[in-house]
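1. Pasting the sequence and the predicted model now:
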Amino acid sequence: MGGICSCMKKNKPKCIVSVIGLEEDVKNVLAHIVPDFNREHRLGKFSEYVIKYNEAELLIYAHISNPMIKNLINLHSTSEYATIYAINADNKNSVENAKAIIDDQERSHGKLIAVLCRGRYLDNPDLDEIKYLFNENIHDSFEFVKFTEEDTEKYVKLTFDKIHNRISDD
């Protein structure tokens, strides 16, 4: 988790999955997919984790959203197999941050895009705006999922199941 990120290495892993959001939102996804992940540790602006998911090796890029990380997010978007945007629908900063990142990000086709929105207040017009940002651009595989806190593990795992199934089909 230090030095040059693995996207700069010649032998790239088969499947890179980026998780993008505010620190707490990214931790919420990582806690359900990275073995022995410790929510108490502070994440850097960028970190990576190698995991095995259903026998597939995945490289998870965790991007903590901020103005300086946008270029790195766009750099990685060309080598990603999937991108997951993590949003807390009950946190205005999380929603506004997601809108800014999504609106700025370069669009690429052929990868899975998932927006995971957790919270109690899911009938939020700002969430509809985020969904619209994606719907106005064509993506091969786009999923916008709203769920309560209690269902977080279920929907994170379903998203990674879809990623695994696409890898298996390739």
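-> In hand now; what should we look at?

2. Give me the pLDDT for residue 13.
-> At residue 13, the pLDDT value in this model is 51.

3. the helices in the protein, which residues?
-> Assigned by DSSP state H, the chain shows helices spanning 23-33, 70-77, 92-104, 125-135, 152-169.

4. Just tell me which of these ends up closest to residue 44.
-> Of all the helices of the chain, helix 23-33 sits nearest to residue 44, with 9.6 Å by Cβ to Cβ. To be clear about C-beta, it is placed using only N, CA and C from the backbone, and glycine gets the same treatment.

5. now what about the closest one, what contacts it?
-> In this structure, residues lying in contact with helix 23-33 by Cβ atoms under 8 Å, 6 or more residues apart in numbering are 19-21, 37, 39, 42-43, 49, 51, 53, 60, 62-64, 84, 86-88, 91, 94, 116, 118, 152-153, 156-157, 160.

6. just the buried members of these?
-> Taking 16 or more other Cβ atoms under 10 Å as the criterion, what is buried in the contacts of helix 23-33 is 19-21, 37, 43, 49, 51, 53, 60, 62-64, 84, 86-88, 91, 94, 116, 118, 152, 156, 160.

7. could the helices of the chain go into a markdown table alongside mean pLDDT and distance to residue 142?
-> A markdown table is the format used below for the helices of the chain (pLDDT from 0 to 100; distance: least, Cβ to Cβ, whole Å):
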| stretch | mean pLDDT | distance to residue 142 |
| --- | --- | --- |
| helix 23-33 | 95 | 17 |
| helix 70-77 | 62 | 14 |
| helix 92-104 | 82 | 11 |
| helix 125-135 | 82 | 5 |
| helix 152-169 | 88 | 11 |
